[in-house]
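Visitor: coords please:
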Amino acid sequence: MMRLPRRLALLPILAAAVLAGLAGAGQAQESAAADPALEPRVTMELTPETTLVGQPIVLRIKVLAPTWLPQPPVFPAMDIPNVIVRLPERASGAISEKIDGETWSGVSRAYRLYPMIEGEISLPAQTVTVTYADPDTVQPVIYEASLDPVRFTATVPEAAAALDPMILASGFALEQEIAAPDGAMGQGDAASRVVTATITGTSPLFIPELIPPLGSEALRAYPKDPVLAENEERGTLSGSRTETVSYVAQYGGSVELPEIALDWFNIETGKVETAVLEATALVVDAPGPPVDPLVTTRQAVALAAALVLVLLVLAAIRIYLLPPLRRLRARRAAIWAASEPQAARQVRRAIGQHDLGATHSALKTWSDRCPGAAAPGLEAALAAIGARTYRGTGGGDGGWAELSAAFQAERDRRLARNRAGSTPLPPLNPG
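Guide: Reported below is the predicted structural model:
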C-alpha cells in the first residue's frame with residue numbers, strides 16, 4: 001500500500017478542525033441568539049440633565065459582557081450641532097459589575113458635552129458595536145447595540161442674559177504685549193500688539209475676536225491667524241486665544257490702539273465681570289497722507305472732453321441749424337406782414353389812435369389783401385369823421401366807434417364771401 005507524505009496526511013485532520021470550528025461558531029451565535037440574557041448590556045447615562053451654556057454635561061456609555069471583549073467596542077463619534085464634544089484623559093476604562101450573581105466585565109466611556117447655545121439639545125440615536133466571547137464556545141461574536149435619543153437643556157443665568165458674546169466661565173483674563181520703537185515711529189517702522197485671553201472652566205472656542213480694526217490710515221495692520229490652545233485637567237476644560245497684529249507706519253499722526261473690554265459671567269460668584277485692556281497711543285513722525293484733489297486726472301479729462309463736445313454741438317447748431325431757423329422766421333414774419341390779419345390789425349390800431357390819415361392808408365392796404373366792394377356803411381363812417389374833423393364839429397368820440405363797428409362788419413362780410421369762393425362785383429357807380 002502506498003504511503004502519503006506526512007503533510008498530506010494531516011489535511012483531513014485540519015479540514016475536520018476547521019469544520020468543527022465553524023460549527024462551533026455557528027452554535028455560539030445560535031446560543032447567543034437563543035439566550036438574550038447572555039447578550040452584552042449597553043447603557044447610557046446623562047448627568048446632569050440641565051447645564052449652563054459652555055459648561056460640561058457628562059454622557060457615560062457602559063458596555064458589559066458575560067465573558068470578555070476580544071476587541072474594544074466601537075463607540076459613536078458624537079458629532080452634535082452646536083455642541084463641543086471632548087474626550088478627556090482616561091475617558092475610557094475597564095469596569096465590572098455583578099449581574100445575577102455573575103461578574104460581568106466591560107468598558108465605560110465618558111464624553112463631556114459643552115453646549116454652545118441656549119435651549120433644548122437633542123442627541124440622535126447612536127449605535128455601539130460590541131465584540132465579545134461566546135460563553136459556551138469562547139468564539140468572538142459581534143453584537144450591535146442601539147442607544148435611544150436623549151435630550152438635555154442648556155440655560156443662561158438671568159444676570160448673563162444680556163452678554164454678547166456669551167462667556168460663562170470660572171475664570172477669564174486678558175493680557176497684552178505691545179512692542180514699538182522708543183519715541184515716535186518713522187515711516188516704515190513696525191510695531192506689534194499681542195493680546196492673549198485665558199479662560200478656565202470651558203473651551204477657548206467661546207472667546208470672540210479680540211483686537212478691533214484701526215480707524216486710521218497712519219498705520220497699516222497685518223493680522224496673523226489667531227492661535228487657540230485647549231487643555232483639560234481633572235475634567236476641567238480651559239485654554240487660551242492669542243491674537244497678533246503687526247502695524248507698519250505709513251503717514252504722520254497719532255494713532256490709538258483701541259481699548260479692549262469683554263464682559264463675562266463668573267459661574268463661581270454668579271456675577272458679571274469685565275476684563276479690560278487699556279488703549280495705547282502710537283505717534284508716527286512722517287509726512288501726512290496725500291490729499292485727494294478736488295478733481296482727479298480722469299475726471300479732468302472727462303470734463304474737458306465733455307466741454308469740447310458741448311462746444312462742437314454749439315458750433316454745429318450755429319452753422320447748420322441757426323441760419324435755416326432765421327430764414328424760416330424771416331419767411332414767416334414776411335408772410336405775417338403781408339397777411340390780411342396783419343392789415344386788419346393796422347386798421348384797428350389807426351382807428352384806436354383816431355388818426356384819419358393812417359386809417360385811410362391802413363384801409364387801402366387791407367382792401368388790397370381782402371378784395372371786395374366797399375360797403376356804404378364804411379364809406380359813410382369815414383365821411384362823417386372827415387366832415388367833423390374839417391368842420392370842427394366833432395363831439396364825443398367823433399364817430400370813431402361807428403367806424404370801428406363798420407370796419408368789423410365789412411371785414412366779416414368780405415371774409416365770408418372769400419371763403420365761399422364768390423368773386424366780388426365791381427362798383428356800379430365808380431368814381
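Visitor: which other residues reach stretch 348-368?
Guide: 340, 343-344, 346-347, 374, 378, 382, 385-386, 389, 397-398, 400, 403-404, 407, 411 (Cβ atoms under 8 Å, 6 or more residues apart in numbering). All C-beta atoms are positioned from the backbone trio N, CA, C, and that covers glycine.
Visitor: how about it, which residues are buried there?
Guide: For stretch 348-368, burial by neighbour count (16 or more other Cβ atoms under 10 Å) applies to R348, A350, I351, H354, L356, T359, A362, L363, T365, W366, S367.
Visitor: strands - which of the contacts of stretch 348-368 land there?
Guide: In strands, judged by DSSP state E, none of these are found.
Visitor: whichever of the residues you listed end up buried, select them in ChimeraX.
Guide: Buried residues among the contacts of stretch 348-368 (16+ other Cβ under 10 Å), as a ChimeraX selection:
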select :340,343,344,346,347,378,382,385,398,400,403,404,407,411
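Visitor: rewinding a little: now the buried residues of stretch 348-368 in a markdown table, with pLDDT, secondary structure and distance to L64?
Guide: Shown next, in a markdown table, are these (pLDDT from 0 to 100; DSSP: H, G, I helix; E, B strand; the rest coil; distance: Cβ to Cβ, whole Å):
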| residue | pLDDT | secondary structure | distance to L64 |
| --- | --- | --- | --- |
| R348 | 90 | helix | 127 |
| A350 | 87 | helix | 133 |
| I351 | 87 | helix | 133 |
| H354 | 88 | coil | 136 |
| L356 | 85 | helix | 141 |
| T359 | 87 | helix | 137 |
| A362 | 86 | helix | 133 |
| L363 | 86 | helix | 136 |
| T365 | 90 | helix | 133 |
| W366 | 89 | helix | 132 |
| S367 | 84 | helix | 136 |
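Visitor: which ones among the contacts of stretch 348-368 map onto helices?
Guide: Filtering the contacts of stretch 348-368 for membership in helices, criterion DSSP state H, returns 340, 343-344, 346-347, 378, 382, 385-386, 389, 400, 403-404, 407, 411.
Visitor: which residue packs closest to G386, ignoring adjacent ones?
Guide: L356 (6.6 Å; Cβ to Cβ, 6 or more residues apart in numbering).
Visitor: contacting residues around stretch 267-274?
Guide: Under Cβ under 8 Å, 6+ apart, the answer for stretch 267-274 is 52, 55, 157, 159-160, 163, 168-170, 172, 201, 261-266.
Visitor: list the ones among these that fall in strands.
Guide: L52, L168, A169, F172, A261, L262, D263, W264, F265, N266.
Visitor: any idea how far the nearest residue to S92 once chain neighbours are set aside is from L59?
Guide: Once flanking residues are discounted, S92 sits nearest to R109: 4.5 Å by Cβ to Cβ, 6+ apart. Remark: distance between R109 and L59 (Cβ to Cβ, to the nearest Å) = 9 Å.
Visitor: which of those two has more residues huddled nearby?
Guide: Set side by side, R109 and L59 show more neighbours around L59, with 23 against 19, by other Cβ atoms under 10 Å.
Visitor: can you list the strands that the helix or strand containing that one pairs with?
Guide: Element membership of L59, judged by DSSP states H and E, is strand 57-65. Sheet partners assigned to strand 57-65 using DSSP bridges are listed as strand 41-47 (antiparallel), strand 102-115 (antiparallel).
Visitor: excluding its backbone neighbours, what's nearest I385?
Guide: Once flanking residues are discounted, I385 sits nearest to G399: 4.8 Å by Cβ to Cβ, 6+ apart.
Visitor: at the geometric centre of the chain, which residue do we find?
Guide: P213 (20.0 Å; Cα atoms, centre = their mean).
Visitor: isn't there a helix covering that one?
Guide: No: remark: P213 does not belong to a helix; assigned using DSSP: H, G, I helix; E, B strand; the rest coil, it is coil.
Visitor: look up the closest residue to it, ignoring the ones flanking it.
Guide: A221 (6.8 Å).
Visitor: and the one you found, what does it touch?
Guide: Neighbouring residues of A221 by Cβ under 8 Å, 6+ apart: P213, L214, V245, S246, Y247.
Visitor: in what helix or strand does it lie?
Guide: Under the criterion of DSSP H and E, A221 resides in strand 219-223.
Visitor: swap in L294?
Guide: Counting by DSSP H and E, L294 is part of no helix or strand.
Visitor: count the neighbours of it for me.
Guide: 7.
Visitor: show the pLDDT at it.
Guide: The model reports L294 with a pLDDT of 71.
Visitor: any idea how far T202 is from it?
Guide: 55 Å.
Visitor: just read off the phi/psi values of L415.
Guide: Main-chain torsions, L415, degrees, to the nearest 10: phi -60, psi -40.
Visitor: you'd agree it is up against C370?
Guide: Yes: contact status for L415 versus C370: in contact at 6.8 Å, counting by Cβ atoms under 8 Å.
Visitor: what touches both of these two?
Guide: E340.
Visitor: the two: which is more packed in?
Guide: C370 (20 against 14).
Visitor: CA atoms only: put stretch 46-57 into PDB for me.
Guide: In PDB, the C-alpha atoms belonging to stretch 46-57 read as follows (Å, rounded to 0.1, in the frame of the first residue of the first chain):
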ATOM      1  CA  LEU A  46     -26.500  61.600  31.200                       C
ATOM      2  CA  THR A  47     -25.600  63.800  34.200                       C
ATOM      3  CA  PRO A  48     -26.800  66.300  34.900                       C
ATOM      4  CA  GLU A  49     -29.800  66.800  32.500                       C
ATOM      5  CA  THR A  50     -29.500  70.600  32.700                       C
ATOM      6  CA  THR A  51     -26.400  72.700  32.500                       C
ATOM      7  CA  LEU A  52     -25.200  76.200  31.700                       C
ATOM      8  CA  VAL A  53     -24.100  77.300  28.200                       C
ATOM      9  CA  GLY A  54     -20.400  76.400  27.900                       C
ATOM     10  CA  GLN A  55     -20.400  74.100  30.900                       C
ATOM     11  CA  PRO A  56     -20.000  70.400  30.600                       C
ATOM     12  CA  ILE A  57     -22.500  67.700  30.800                       C
END
